[in-house]
Structure formats: structure tokens, C-alpha cells
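Student: test case, fold it:
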Amino acid sequence: MYRFVKYLIFTAICLTLMLTYSFAQSGGTGTEEDPYLIGTPEDLHFMAQADSGSYFIFIADIDMKGDSSWVPLVSKGKNVFWGHIDGNYHVIKNLYIKGTGDKTAFIKAMGNPSSIVRLGFDSLTVDAPSNNQVGGIAGECFNPNREITECFIKNGKIKGANTVGGLTGFCWSYGNNIRNNYFDGIVSGGNRVGGLFPRSKLVSSEPGGIGNCLFYGKIYYTGDHGPISADLVSSDSTWGPDMYYVNYAANDEGNFTGNATELDSTDLTNPANYPTLDFVNVWKMGDKYPVLKGFNFTSSIQKGNKHFPHKFALEQNYPNPFNPKTVISFSIPRAENIKLEVFNLVGQRVRVLVDDHLNAGTYALHFIAKDLPSGIYYYRLTAGEFQQVKKMVLVK
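Tutor: So this is what the prediction gives:
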């Protein structure tokens, strides 16, 4: 009997440790000054265990590898998300969300206040054919004090029953800030299917706003639809020219476009076609269309440029010292598996900036150290057998 009791106690301790580990997070206390650090799939799941009002900041890209266990995010003990997510220009890859009820998306519904900024999604699938209010980022963004800025979804597949949008389900502009976002992928559903939002309330006389958002993709529908939204729940306003979409059937029955700007798919890389976008601070021209410039890295080799680098090289970051943003550049003469990492003074790795197979070229990326303390850091480029290390100084 005594041994059996010891066994039960030991088993309970092990289960407790396993559960604690399952929801462990990389650091932080969740305050605005010391946000939770999100850098692993376990960290991502931990967000649902955090109290209302918590702050989160991403420290790495996260590959969910098709994990289907994600449940639309809400704060602990609540039916909505009351928190603040700073993606820090990182990307969640290969996230699969299975519909379990209405308001299916990465976030179920955004509370007052809440925000999600500077976060990207690559290969996001939302599979909710029997559910309403379905979106990529949020199932519902209603009433004031919600923010979605500098976010994107590419290779997205968003499927719902009715009220389906690429970025969100029902969305209200009043007192909200929803700007500088884009969606590239497929949105499908029944009635009220929008490229970005299925239904929106946009009232010109009220504060807040939605603008500088882009839709590049396809919509499959059986009822009302539109490249930006299927309709607007207001009578005194409409979409303006600061909303952009590509080659959509503007005269299709049941279609709503407002005064949004339709783009020619043969001329998407001309900045003149996007007069309201800030190409100095927010946007840059990608290979196919404008993208958010803070994310990841971009090759400096232009189309038709055949002058590839002759050797591997890691450049000194600029500016240096910096606070909190600096640019790191490197060159590779041939296609290679590339890793660029940042370490603190005692040799602990604090960030993986690049871990990918890249073609020959010269690359530059933004390193943002908002979550790191002042000090000396080292960044290391590994390309096959080549390695090079340089020092940089963060001064806050």
C-alpha cells in the first residue's frame, strides 16, 4: 500500500511537471515593460493561459508544422482576447485552425482594448466550413480600441459558412486602427464573403479607421461578396481609394467594391499605383506587389542584375550602437543553407534571424531588439562551412 501511494504521488508530480513544461514560455512577466517572450510553439499555446491585459512580444519565427490543435485565442477565463501582441516582424508558419464554432480565426474575438501588430502568417489554413464569422486574424473585431496594423497573410486558405473574410470576420472601424495589412490567398464561403472583411461598419463621421489594406487573391462564394468586404453596415460612407484589390469582377451580381482602387495584375510593382502607401517607412516593393518592409529580409539584387557576390561576407550592422533597430547585411556567392544568429555576451543565443536556404545575392534585414536589455551582442553568419562573427552594441 505504501509503495502504491508513493507511486501515485510520483505520478502526480510528473504530470504536473509535464503540464508546466507544455505551457512554459521563454521569459517575461506579461507587463508592458516586461512582455511575455514568444518564440516556440509551446509559447504560442501559452498565450491562452495568460491573464487579461497581458503583453506579448515575438522573438522568433514559429513553424507550427500543420499542428491542428490550435484553438482560437482568448484570454484565460474569457470568451474574447484582451491583450496586446507585438509580432516584432516575425512570422507564424503552417498554422492549421479547425473550426469548432463561430468566430473561428487565430484570435476568436478582440476585446476592448486589444491589439495585434507587426505579425505575419505564411501558409495559414482556417478550415471552418460549418461556422460563421470566420477570418484569418480575428473572428470578430467589434467596437472601439482594437488595433490590427502591419500584419499580413500569404498563402492563406480561409473557408467558412457565412460572413467570411481574409483578415477578420465582422469588423467595425469606429475607434479602431486597422491599417497597413494585406492578404494573399483564397477566401471561400456562402453569403457575405469578403477578400479582407465579410461585413464592416465604416462611418466617416466617427473616429478611427480602416485604410491602406490590400487584397491579392481569389474569392469563392454563393451569395454577396466583394474584394474588400461583401457589404458595409452603414449608409453614409464607402470604401475609399486607399483600399486596393486585384482583377476582381467589379460588375458581378452581388458584388460590392465601393470606391476601392482596382489594380491591373500586369502592373502591380509600380509604386505610382499605390499613392496612399508610405514607401519610406512602412511598405517596400516586393517581387510581385508591395509588402511590409519590416519583415524578414529582402535581396538587394534587382531583376536583371547579373553581378552576384564573389564571396561570403557579413557586414557591420548600421547604425551601431543602435536603439532598438539596426540593419544587418550579408552576401552569399551561391545558393546555400544560411543561418544568422544573435548571442549575448555570455554566449546565450537570443535570436535566430535567418534559418533558410537562400539563393546567391546580397541581403539586408532589420533586427529589432525591443525586448533585449542594453549591452554587447554578437551576430554570427553560418553558410555551409563558412562562419563569420561581428559585434554590435545596444544602448537604450
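Student: surely residue 76 and residue 46 touch.
Tutor: No: look at residue 76 against residue 46 with C-beta atoms under 8 Å: they stay out of range, at 10.4 Å. Where C-beta positions appear, they are placed from N, C-alpha and C, glycine not excepted.
Student: who's more crowded, those two?
Tutor: residue 46 (18 against 13; other C-beta atoms under 10 Å).
Student: low-confidence regions, the stretch 51-200 of the chain specifically.
Tutor: Residues of the stretch 51-200 of the chain meeting the criterion pLDDT under 70: 173-175.
Student: show me the strands in the stretch 1-150 of the chain, by range?
Tutor: Here the stretch 1-150 of the chain has its strands, by DSSP state E, counting those that start in this stretch, at 36-38, 54-58, 62-63, 83-93, 96-98, 114-122, 125-127, 138-141, 146-149.
Student: out of those strands, flag the one nearest residue 389.
Tutor: Each of the strands of the stretch 1-150 of the chain was scored for nearness to residue 389 using C-beta to C-beta, and the closest is strand 83-93 (23.0 Å).
Student: what's the angle from the closest one to strand 114-122?
Tutor: 0 degrees (axes from the mean of the first three to the mean of the last three C-alpha atoms, to 10 degrees).
Student: which other helices and strands does strand 83-93 contact?
Tutor: Applying 3 or more C-beta pairs under 8 Å, 6 or more residues apart in numbering; DSSP states H and E, one finds that strand 83-93 contacts strand 54-58, strand 62-63, strand 114-122, strand 361-368.
Student: before we move on, back to that, deepest of the strands of the stretch 1-150 of the chain, which one?
Tutor: Compared across the strands of the stretch 1-150 of the chain, strand 138-141 shows the largest average neighbour count, a mean of 28 (mean count of other C-beta atoms under 10 Å).
Student: restricting to C-alpha, output that strand in PDB.
Tutor: Extracted C-alpha coordinates of strand 138-141, given in PDB (Å, rounded to 0.1, in the frame of the first residue of the first chain):
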ATOM      1  CA  ALA A 138      -9.700  37.600 -35.800                       C
ATOM      2  CA  GLY A 139     -13.300  36.200 -36.000                       C
ATOM      3  CA  GLU A 140     -14.700  39.500 -34.700                       C
ATOM      4  CA  CYS A 141     -13.200  43.000 -34.300                       C
END
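Student: what is that strand packed up against?
Tutor: Here strand 138-141 touches strand 168-172, going by 3+ C-beta pairs under 8 Å, 6+ apart.
Student: partners of the strand it packs on, with directions?
Tutor: Using DSSP bridges, strand 168-172 pairs in its sheet with strand 138-141 (parallel), strand 197-201 (parallel).
Student: just want the most central residue of the chain.
Tutor: The chain has residue 120 as the residue nearest its centroid, 2.0 Å off, counting by C-alpha atoms, centre = their mean.
Student: who's in contact with it?
Tutor: Taking C-beta atoms under 8 Å, 6 or more residues apart in numbering, we find residue 120 in contact with 87, 89, 90, 91, 92, 151, 152, 153, 154, 292, 295.
Student: give me that answer again for 6 Å
Tutor: 91, 152, 295 (C-beta atoms under 6 Å, 6 or more residues apart in numbering).
Student: still on that earlier bit, make JSON lines from the strands paired with strand 168-172 and add distance to residue 396 to it.
Tutor: What follows is those, written out as JSON lines (distance: least, C-beta to C-beta, whole Å):
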{"stretch": "strand 138-141", "distance to residue 396": "32"}
{"stretch": "strand 197-201", "distance to residue 396": "38"}
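Student: which helices and strands does the helix or strand where residue 154 lies pack with?
Tutor: Using DSSP states H and E, residue 154 sits in strand 152-159. Counting by 3 or more C-beta pairs under 6 Å, 6 or more residues apart in numbering; DSSP states H and E, the packing neighbours recorded for strand 152-159 are strand 114-122, strand 125-127, strand 177-188.
Student: please state the offset of the next helix or strand after that strand from the chain centre?
Tutor: The helix or strand immediately downstream of strand 152-159 is strand 164-165, counting by DSSP H and E. Remark: strand 164-165 is offset 17 Å from the chain centroid, using C-alpha atoms, centre = their mean, to the nearest Å.
Student: what's in contact with strand 164-165?
Tutor: Where contact means C-beta under 6 Å, 6+ apart, the residues beyond strand 164-165 that reach it are 134, 135, 187, 189, 193, 194, 196, 197, 198.
Student: quick check: bridge partners of the fifth one?
Tutor: Each beta-bridge partner of residue 193 is listed here, defined by DSSP bridges: residue 164, residue 225.
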